[in-house]
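Enquirer: Everything below, folded, please.
(one chain, ligands or ions: 1)
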Amino acid sequence: MLKEFEYVIKLQKIDNQLLEINNMKGDLPQIVDTLQQEIKTLEKELESERKREKEIVLEITDFKGKTQDDNVHLERYQDQLYLVTSNKEYDALSSEIDTMKQDIDKSEYSILELSEEIDKLKESVKSKDLTHQDKVKELDIRKTELEKTNNKTKSVKAKLQKERTNIVKSIPLRYFREYNRIAKAKEGVAIVPIQQVFIEKKDKKGNIEYIPAKVSCSGCHKIVPPQKVVEIRSGNKLNRCEFCGRLLYWDDKISEIKSNNNEEEIF
Ligand SMILES: [Zn+2]
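Expert: Numbers count the residues shown, from 1 in each chain. Now for the predicted structure:
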């Protein structure tokens, strides 16, 4: 087998172990990420709701102050009403009083509306605050879990990555590019061993004989044309699966499967 080809296979074996390590983390990195996003959003919403709460308190204070002033004016106008001497003066004063009353009504209505708004905001802040606390606690737990897994695998991972860097140096760029292209499309698995099944047959004398029955790609399990096996075994050029596009190689340990099952079970 070509040396470069052997390096590509070694690279895949290292990457398979790295993939396994990554799988050990399961959904954890994703969960941590989502929690962090959710907490951020909650914090933004809480900040803006608390800001609005403060604004409303100020607005209500303003309206209350204005109503107080208006009531003082109103009382003064009403007192003046007894002192007027002409109809014209009376009408003018009455109109002032009406306007003042309307203003007071408007202010009181606004205070009512703002009070309702602030009540709703307080409820929302309270519930968001609780959710926020829960999420922060959960994030803490999940982060610790993730750290534990990372620590457990840290040294193994570092060793593998070092090996990987060394192997990559020995692989010609065009092979490495090809490997990366397929790995990206096939969840990290670019090169797989073929599997050749041999069926046990007994001749008339009772001697056991193994007949090659089926060759398949161990990546997608589709059939590989038997005439390709010799070429793949020699490992002198890159062969790929016609179905999944992965590179194929012969592995002495896993490629040959001897079976005493009958043909129906195999096909
Ligand atoms: Zn395949």
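Enquirer: So which bits of the protein are right by the ion?
Expert: On the criterion Cβ under 5 Å from the ion, the ion has as its neighbours in the chain the residues C217, G219, C220, C241, F243, C244. Bear in mind the C-beta positions are built from the backbone N, C-alpha and C, glycine included.
Enquirer: and the residues you listed, which are buried?
Expert: C217, G219, C241, C244 (16 or more other Cβ atoms under 10 Å).
Enquirer: any chance of these in TSV, with pLDDT too?
Expert: What follows is those, written out as TSV (pLDDT from 0 to 100):
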residue	pLDDT
C217	95
G219	94
C241	95
C244	96
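Enquirer: Could you dump those residues into JSON lines and include distance to P193 and secondary structure?
Expert: Shown next, in JSON lines, are those (distance: Cβ to Cβ, whole Å; DSSP: H, G, I helix; E, B strand; the rest coil):
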{"residue": "C217", "distance to P193": "9", "secondary structure": "strand"}
{"residue": "G219", "distance to P193": "9", "secondary structure": "coil"}
{"residue": "C241", "distance to P193": "11", "secondary structure": "coil"}
{"residue": "C244", "distance to P193": "13", "secondary structure": "coil"}
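Enquirer: thinking again about what came up before, looking at the residues of the chain next to the ion, which is nearest A92?
Expert: Using Cβ to Cβ, C244 comes nearest to A92 of the residues of the chain next to the ion, at 93.8 Å.
Enquirer: So the closest one sits against C217, correct?
Expert: Yes: in this structure C244 lies within contact range of C217 using Cβ atoms under 8 Å: 6.3 Å.
Enquirer: Relative to E116, which of the buried ones among the residues of the chain next to the ion is nearest.
Expert: The shortest approach to E116 among those belongs to C244, at 62.8 Å (Cβ to Cβ).
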